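J.: no sequence on this one, just coordinates:
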């Protein structure tokens with residue numbers, strides 16, 4: 001896909017994925033990144049914080065089970 005800014009995104013189901021010919025290092029990106037959001041990799045937990053309120057969701061993942069790799073970029 002070519003962006004309106006002139007960048008090229010290349011993605012295939014099983015990779016590799018690249019931007020302007022440079023391979024994307026997914027390990028360099030947190031799964032969730034934003035103010036008030038904490039989601040450490042491989043924990044199955046995500047915590048949201050706002051104005052003194054806190055909500056933690058625990059998806060109770062089985063770390064010994066095979067995983068389906070998925071990424072959403074956007």
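T.: Cool, the structure landed. This one's a predicted model, so the numbers in the text were calculated from it and none came from an experiment.
J.: wait, residue 45 sits on residue 59?
T.: Yes - using C-beta atoms under 8 Å, residue 45 is in contact with residue 59, at 7.2 Å. The way it works is simple: take the backbone N, C-alpha and C, and place the C-beta from them, glycine included.
J.: Which one's more surrounded, the two?
T.: Per other C-beta atoms under 10 Å, whichever of residue 45 and residue 59 has more neighbours is residue 45, with 14 against 8.
J.: so who does the more buried one touch?
T.: With contact set as C-beta atoms under 8 Å, 6 or more residues apart in numbering, residue 45 has these partners: 39, 56, 57, 58, 59.
J.: ranking these by neighbours, who comes first?
T.: residue 39 (16 neighbours).
J.: So that residue sits against residue 46, correct?
T.: Yes - under the criterion of C-beta under 8 Å, residue 39 makes contact with residue 46 at 4.1 Å.
J.: tell me the domain ranges of this structure?
T.: Using automatic domain parsing, the domain ranges for the chain come out as 1-30, 31-61.
J.: and the worst-scoring helix or strand of the chain on mean pLDDT, which strands flank it?
T.: The weakest-scoring helix or strand in the chain, judged by mean pLDDT, DSSP states H and E, is strand 37-38 (a mean of 90). The strands beside strand 37-38 in its sheet (DSSP bridges) come out as strand 45-50 (antiparallel).
J.: quick revisit: out of the contacts of residue 45, the closest to residue 21 would be?
T.: Nearest to residue 21 out of the contacts of residue 45 is residue 39 (C-beta to C-beta; 29.9 Å).
J.: where does that closest one fall, phi/psi-wise?
T.: phi -140, psi 80 (degrees, to the nearest 10).
J.: Show me what residue 10 is bridged to.
T.: According to DSSP bridges, beta-bridge pairing links residue 10 with residue 18.
J.: Likewise for residue 50?
T.: Going by DSSP bridges, residue 50 forms beta bridges with residue 53.
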